[in-house]
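**Student:** quick one: sequence plus predicted model below, questions after.
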Amino acid sequence: MKYVSTRGDAPELAFDDVLLVGLATDGGLYVPAEWPQFSPAEFEAMADLSYAEIAFRVIRPFVGGTIADDALKAMIKETYAGFGHDAVAPLKQIGTNEWLMELFHGPTLAFKDFALQLVGRMFDHVLAARGERVTIIGATSGDTGSAAIEACRDRDNIDVYILFPEGRVSEVQQRQMTTVDAAGIHAIAVDGTFDDCQDLVKAMFNDSQFRSAHNLSAVNSINWARVLIQIVYYVVAAVRLGAPRRAVSFAVPTGNFGNVLAGWAAWKCGLTVDRLVVGTNSNDILFRFFETGEMKIAGVEPTLSPSMDIQVSSNFERLLFDMLDGDGAAVREWLADFRETGAMLVDDRRLSKARGKFDAARLDDDGIRWVIRNVFENTGELLDPHSAIGVDVARKCRGDNAVPIVSLATAHPAKFPDAVEAATGIRPPLPSRMADLFDRVETFDTLANDAAALQDFIRRTAGGKDAAKVGT
Ligand SMILES: *Cc1c(COP(=O)(O)O)cnc(C)c1O
């Protein structure tokens with residue numbers, strides 16, 4: 001099992017190397033050279049298995065023997081045993097042939113836990129076997145940082161530095177990052193904006209001496225392993241609802257295009273996926289693309305669904321590679337053009353190829369409030385603002401009513417309590433296992449928006465040197 005870069009100019013790698021490098025050396029993203037195929041009989045045999053058992057069967061061919069079966073199985077089992085619901089990703093019916101898959105029962109209450117909890121374990125396993133360590137650096141506007149911290153706590157071979165803009169993340173999000181008191185975990189409040197945090201991370205990666213001295217790595221959503229692990233819940237939902245006998249559609253609140261791409265990957269592997277509906281908020285570059293074939297940059301405005309407030313979706317490159325028939329040189333040209341002009345136009349033939357599987361729709365903040373209230377009144381379910389977008393676009397793009405459609409609920413309503421309360425009058429409580437979040441002690445460091453100060457801080461604290469930690 002080999003992986004190739006979408007830009008066609010980086011070495012082919014096996015899974016363990018793809019996991020650790022994240023981004024290919026040519027700036028591209030790794031994709032399987034060939035998609036593993038599952039037969040209808042193999043899907044049928046999954047219908048009665050547990051989430052973890054299905055996960056092992058789906059992930060195993062992609063790992064291609066680079067992690068031993070026993071170790072992989074044990075990591076998967078441990079990962080999903082840590083989720084707060086016995087079904088791991090429960091399906092709830094909210095209408096005729098209309099379902100919600102709750103992907104928010106992980107430790108940080110957002111779907112990113114599904115992949116990151118296992119990616120953290122895979123990193124540690126591969127690093128231990130090689131006798132290496134890494135330093136993970138990331139910037140967050142909320143969900144990713146807490147999911148990465150929870151995923152890497154108590155991992156022997158990983159130091160984590162997560163930068164967040166001071167005073168600009170929600171209180172739940174901040175506390176999920178700052179109340180994890182574990183060796184090697186560093187939540188850093190930066191005196192600046194999210195963009196400043198991202199620029200600091202880039203500065204660390206661009207300093208090649210510093211980068212190699214600390215073996216810097218990232219677990220952002222371009223890492224193939226994250227997409228791979230997300231394929232599992234599409235398979236679980238589909239086989240529970242009658243696949244492969246029956247096709248199933250999905251609606252996905254989309255930002256970086258990583259989640260919905262996993263649904264497309266499931267289809268590439270033989271799953272009977274009918275439609276994939278891409279939901280955007282008013283930052284609607286993807287919606288406009290699927291409408292017109294033109295990808296055109298516009299400014300980003302803050303919305304009630306901050307995890308989808310994105311200018312350019314990094315994982316879209318993997319779909320572009322497929323639309324361009326796997327021609328890496330063509331991807332390079334298209335992207336260079338896009339960077340230069342802020343726009344790219346995909347011709348009709350290629351657009352229809354993508355539209356063969358994808359639909360798209362958008363919802364603004366007023367619509368989000370309306371959907372949260374409507375679904376609550378009709379079903380008693382509380383949706384977070386991101387999940388509300390999924391439910392709405394599922395309804396807007398509903399094709400054949402006989403085909404079940406599953407909306408992915410990507411965050412727990414208690415993660416965005418203000419929006420939910422404004423729409424329904426009900427303030428959703430945190431699940432009991434984290435009800436004490438606001439009583440826990442916060443530990444974090446505060447740094448100026450200054451690359452030299454950050455480098456100095458990392459030098460003093462990396463490699464398990466937590467004695468040097470300067471607490472706040
Ligand atoms: C990250 C996130 C999204 C967007 O997912 P992508 O994979 O980036 O498309 C949607 N909803 C929530 C709650 C998220 O945290």
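**Tutor:** In hand now; what should we look at?

**Student:** gap between residue 223 and the ligand?
**Tutor:** 12 Å (CB to the nearest ligand atom, to the nearest Å). Where you see a C-beta, it was placed from the backbone N, CA and C, and this is true even at glycine.

**Student:** scratch that, residue 269 is what I was asking about
**Tutor:** To the ligand, residue 269 is 19 Å away according to CB to the nearest ligand atom.

**Student:** do I have it right that that residue meets residue 34?
**Tutor:** No: counting by CB atoms under 8 Å, residue 269 stays clear of residue 34, with 10.6 Å between them.

**Student:** more crowded one of these two?
**Tutor:** When residue 269 and residue 34 are compared on other CB atoms under 10 Å, the one with more neighbours turns out to be residue 269, at 20 against 10.

**Student:** angles on the backbone of the more buried one, please.
**Tutor:** Main-chain torsions, residue 269, degrees, to the nearest 10: phi -90, psi 0.

**Student:** which residues does it contact?
**Tutor:** 35-38, 58, 231 (CB atoms under 8 Å, 6 or more residues apart in numbering).

**Student:** among these, which ones are buried?
**Tutor:** Buried residues within the contacts of residue 269, defined by neighbour count using 16 or more other CB atoms under 10 Å: 38, 58, 231.

**Student:** how about the second one, what does it touch?
**Tutor:** For residue 58, the residues meeting the contact criterion (CB under 8 Å, 6+ apart) are 38, 231-232, 235, 269.

**Student:** likewise for the first one?
**Tutor:** Going by CB under 8 Å, 6+ apart, residue 38 touches 58, 269-271.

**Student:** how close does the residue nearest to the spatial centre of the chain get to the ligand?
**Tutor:** When CA atoms, centre = their mean is applied to the chain, the residue found nearest the centroid is residue 112 (4.7 Å). Using CB to the nearest ligand atom, residue 112 is found at 6 Å from the ligand.

**Student:** coming back round to it: tell me which two in the contacts of residue 38 are the farthest apart.
**Tutor:** Using CB to CB, the pair of those lying farthest apart is 58 and 270, separated by 11.1 Å.

**Student:** which parts of stretch 268-284 are buried?
**Tutor:** 268-284.

**Student:** least trustworthy helix or strand in this protein by mean pLDDT?
**Tutor:** One helix or strand of the chain scores below all others by mean pLDDT, DSSP states H and E: helix 194-206, with a mean of 88.

**Student:** need the three-state assignment for the nearest residue to residue 379 once chain neighbours are set aside.
**Tutor:** Distances taken as CB to CB, 6 or more residues apart in numbering put residue 94 closest to residue 379, at 4.9 Å, once the chain neighbours are dropped. For residue 94, the secondary structure call by DSSP: H, G, I helix; E, B strand; the rest coil comes out as strand.

**Student:** just to be sure, residue 136 is in a strand?
**Tutor:** Yes: secondary structure of residue 136 (three-state DSSP): part of a strand.

**Student:** from the stretch 101-250 of the chain, which residue is nearest to the ligand?
**Tutor:** Nearest residue of the stretch 101-250 of the chain to the ligand (CB to the nearest ligand atom) works out as residue 143 at 3.7 Å.

**Student:** residues in contact with the nearest residue to that residue once chain neighbours are set aside?
**Tutor:** Distance criterion CB to CB, 6+ apart; nearest residue to residue 143, sequence neighbours excluded, is residue 110 at 4.6 Å. The neighbours of residue 110, taking CB under 8 Å, 6+ apart as the test, are 103-104, 143, 146-147, 307, 410-412, 415.

**Student:** distance of residue 110 from residue 61?
**Tutor:** From residue 110 over to residue 61 the distance is 27 Å, taken as CB to CB, to the nearest Å.

**Student:** correct me, but residue 345 touches residue 288?
**Tutor:** No: shown here, residue 345 and residue 288 do not form a contact pair, counting by CB under 8 Å, at 11.5 Å.

**Student:** common neighbours of those two, please.
**Tutor:** 294-295.

**Student:** residue 9: which of the buried ones among the contacts of residue 269 is nearest?
**Tutor:** Of the buried ones among the contacts of residue 269, the one sitting nearest to residue 9 (CB to CB) turns out to be residue 231, at 26.5 Å.

**Student:** which of the contacts of residue 110 sit farthest apart?
**Tutor:** Pairwise distances across the contacts of residue 110 (CB to CB) peak at 15.1 Å, for the pair 103 and 146.

**Student:** between these two, who's got more neighbours?
**Tutor:** residue 146 (31 against 26).

**Student:** just the ones of the contacts of residue 38 in helices?
**Tutor:** Using DSSP state H, the members of the contacts of residue 38 that fall within helices are residue 58.

**Student:** which one of the contacts of residue 38 is nearest to residue 24?
**Tutor:** Nearest member of the contacts of residue 38 to residue 24, counting by CB to CB, is residue 269, at 21.8 Å.

**Student:** returning to what we had before: what helix or strand is the closest residue to the residue nearest to the centre of the chain other than its chain neighbours on?
**Tutor:** Spatial nearest neighbour of residue 112, chain neighbours left out: residue 147 (4.0 Å); criterion: CB to CB, 6+ apart. Residue 147 belongs to helix 143-152 when elements are defined using DSSP states H and E.

**Student:** what mean pLDDT does that helix have?
**Tutor:** For helix 143-152, the mean pLDDT works out to 91.

**Student:** show me what the helix or strand just after that helix is packed up against.
**Tutor:** Using DSSP H and E, the helix or strand that follows helix 143-152 towards the C-terminus is strand 158-165. Packed against strand 158-165 by the contact rule (3 or more CB pairs under 8 Å, 6 or more residues apart in numbering; DSSP states H and E) you find helix 112-130, strand 134-139, helix 143-152, helix 171-178, strand 185-190, helix 194-206, helix 451-461.

**Student:** of all the residues in the stretch 301-450 of the chain, which ones are close to the ligand?
**Tutor:** Residues of the stretch 301-450 of the chain lying near the ligand by CB under 6 Å from any ligand atom: 307-308, 386, 410-411.
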